[in-house]
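Colleague: whatever this is, show me its structure:
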Amino acid sequence: MQEKEEDYIHTLALVFTPGIGSVMIRQLISYCGGATNVFRADYKKLIKIPGIGDKAARAILLKQGVELAQKEWSRCQREGVRLHFYTDADFPRRLKPLYDSPLVLYSQGQMELNAHRTVGIVGTRQVTDYGKTITESIIRDLAPYHTLVVSGLAYGVDITAHRACLKHQIPTVGVMASGLDVIYPAVHKRTAQDMQQNGGILTENPLGTKPDAKRFPARNRIIAGLSDVTIVVESTRKGGSLITIEYAMNYHREVFAVPGPLTSPQSEGCHQLIKDNKAAVFTTVDEMAEALGWKRGEIAEADTLPAQPDATPIFDGFTQEEGQVLSLLKRQGDMQLDELSWQSGIHLGKLATLLLNLEFQGMVRSLPGKKYALV
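Modeller: Residues are numbered from 1 along each chain as shown. Next up, the predicted model:
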């Protein structure tokens, strides 16, 4: 087994280990220098890692998740399921910096998750004729802007958006609250298959996962995180789409809401978002694009995403890893030690020494709360 494949399997094994969440897994990988090294560590080393208690350490030592991970990896290879790991350079760049980013994503299809422009379309399952018409017109008018459309494959606004994308040959991704092999609702299976020719389906859940109620809010955060801008077409006052909007706001993403008839319950949520200044009023795609600085028919340089950590500006006189850290701090400002370790891929022990050397050279300064910034 190749070293990289072994590390992937051990990352999956951590995901399958009971009682260990994504934040703890990132901490473990950062301190140990890779998922495989986590399982090579002994109890004394594990228990010294901040946030790792006795219960978590013993669960890791039992290696309960390793066999499950090996079976999952093999099945994904057989069934053509692609795995995206947060340690990979091509992991979705919009998700990677988020505090609650998934560790692993499963996908099927032909999708570019780092597309230059992404639009989330969300709304009620009880969509009205008005909502369908607006959704279809939004998708049609997005065509000149070369966007990826992200939604949730659900009844109502979601499936209307996906089908309109198929009609207008716009790439679209359906984020699921289940495993890729459990299409929900089942009646959308054909659409999900058709989407894989220009987009596809995506989830953080292992194969075989049922769409339990608690998984839908988690699904919504991925939709919000993948989207530069989220448009809510119709929503009741307590609609599930509003969860997506809350995530989008927390991630500092743009939000637009479509106003509707004053007497329509399906528009009450949109009106409340506008009233509370949580969303801009959606009028036309062109006006939204103007507000976002998008131009029709071209991808402006300003629309491109920040460079990957391994595609950093050159800092003469410094090692590659030092230059990588300096570039991250230049691009993002002050950063916490754990976040800097996660994004650079340099484990904490080595990173602490590297930062100390950069401090001696007058390049970085330490701040309260284990933060660092360029001088």
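
Colleague: got a list of what P97 touches?
Modeller: 332, 339, 343 (CB atoms under 8 Å, 6 or more residues apart in numbering). Placement of C-beta: from N, CA and C, glycine included.

Colleague: my guess is S264 contacts T128. True?
Modeller: Yes: using CB atoms under 8 Å, S264 is in contact with T128, at 6.6 Å.

Colleague: neighbour-wise, which of the two wins?
Modeller: Just comparing S264 and T128: by other CB atoms under 10 Å the higher neighbour count belongs to T128, 20 against 15.

Colleague: what ranges do the strands span in the stretch 51-200 of the chain?
Modeller: Using DSSP state E, counting those that start in this stretch, the strands of the stretch 51-200 of the chain run over 82-85, 104-110, 118-122, 148-151, 172-175, 199-203.

Colleague: any idea how far V122 is from the closest residue in space to L262 that isn't next to it in sequence?
Modeller: Closest residue to L262 apart from its sequence neighbours, by CB to CB, 6 or more residues apart in numbering: H271 at 7.8 Å. Distance of H271 to V122, given as CB to CB, to the nearest Å: 16 Å.

Colleague: between those two, who's got more neighbours?
Modeller: The neighbour count for H271 versus V122, taken as other CB under 10 Å, is higher for V122 (30 against 20).

Colleague: burial measure for the nearest residue to the more buried one once chain neighbours are set aside, as a count.
Modeller: The shortest distance from V122 to any non-neighbouring residue, by CB to CB, 6+ apart, is to S241 (4.3 Å). Using other CB under 10 Å, S241 has 30 other residues around it.

Colleague: can you tell me how far S241 sits from L273?
Modeller: The spacing between S241 and L273, counted by CB to CB, is 10 Å.

Colleague: ok, now which ones touch S30?
Modeller: So S30 contacts 338, 341-342, 347-348 (CB under 8 Å, 6+ apart).

Colleague: typo on my end, M195
Modeller: Residues in contact with M195 (CB under 8 Å, 6+ apart) are 109, 162, 165-166, 172-174, 201.

Colleague: tell me the one of those residues nearest Y99?
Modeller: Nearest to Y99 among those, counting by CB to CB, is V173 at 22.2 Å.

Colleague: that closest one and D338, how far apart?
Modeller: As judged by CB to CB, V173 and D338 stand 29 Å apart.

Colleague: repeat for Q324
Modeller: Relative to D338, Q324 is positioned 16 Å away (CB to CB).

Colleague: more crowded one of these two?
Modeller: Relative neighbour count places Q324 above the other of Q324 and D338, with 23 against 18, counting by other CB under 10 Å.

Colleague: now the helix or strand where that one lies: buried residues?
Modeller: Using DSSP states H and E, Q324 sits in helix 320-332. For helix 320-332, the neighbour count (16 or more other CB atoms under 10 Å) marks 322-329 as buried.

Colleague: wait, what's in contact with I52?
Modeller: So, once contact is read as CB under 8 Å, 6+ apart, I52 ends up touching 24, 27-28, 46.

Colleague: can you check L98 too?
Modeller: 225, 251.

Colleague: give me the phi and psi angles of it.
Modeller: phi -70, psi 140 (degrees, to the nearest 10).

Colleague: E6 falls within a strand, correct?
Modeller: No: counting by DSSP: H, G, I helix; E, B strand; the rest coil, E6 falls outside a strand, being helix.

Colleague: thought it was touching T36?
Modeller: Yes: E6 is within contact range of T36, at 5.4 Å (criterion: CB under 8 Å).

Colleague: which one of these two is surrounded by more residues?
Modeller: Applying other CB under 10 Å to E6 and T36 shows that T36 carries more neighbours, namely 18 against 14.

Colleague: so the more buried one lies in a strand, does it not?
Modeller: No: T36 sits outside any strand when classified using three-state DSSP, being helix.

Colleague: tell me the contacts of it?
Modeller: T36 touches 3, 6-7, 10, counting by CB under 8 Å, 6+ apart.

Colleague: I'd like to know how far L113 sits from S235.
Modeller: 26 Å.

Colleague: which of those two has more neighbours?
Modeller: Neighbour tally, L113 and S235, criterion other CB under 10 Å: the higher count belongs to S235, 29 against 20.

Colleague: contacts only, for the more buried one.
Modeller: 122-124, 241-242, 257, 266-270, 273.

Colleague: okay, and it sits in which element?
Modeller: S235 belongs to no helix or strand, assigned by DSSP H and E.

Colleague: which residue is the nearest non-sequential neighbour of it?
Modeller: G269 (3.2 Å).

Colleague: correct me, but the one you found touches I243?
Modeller: No: checked against CB under 8 Å, the pair G269 and I243 is beyond contact range at 10.8 Å.
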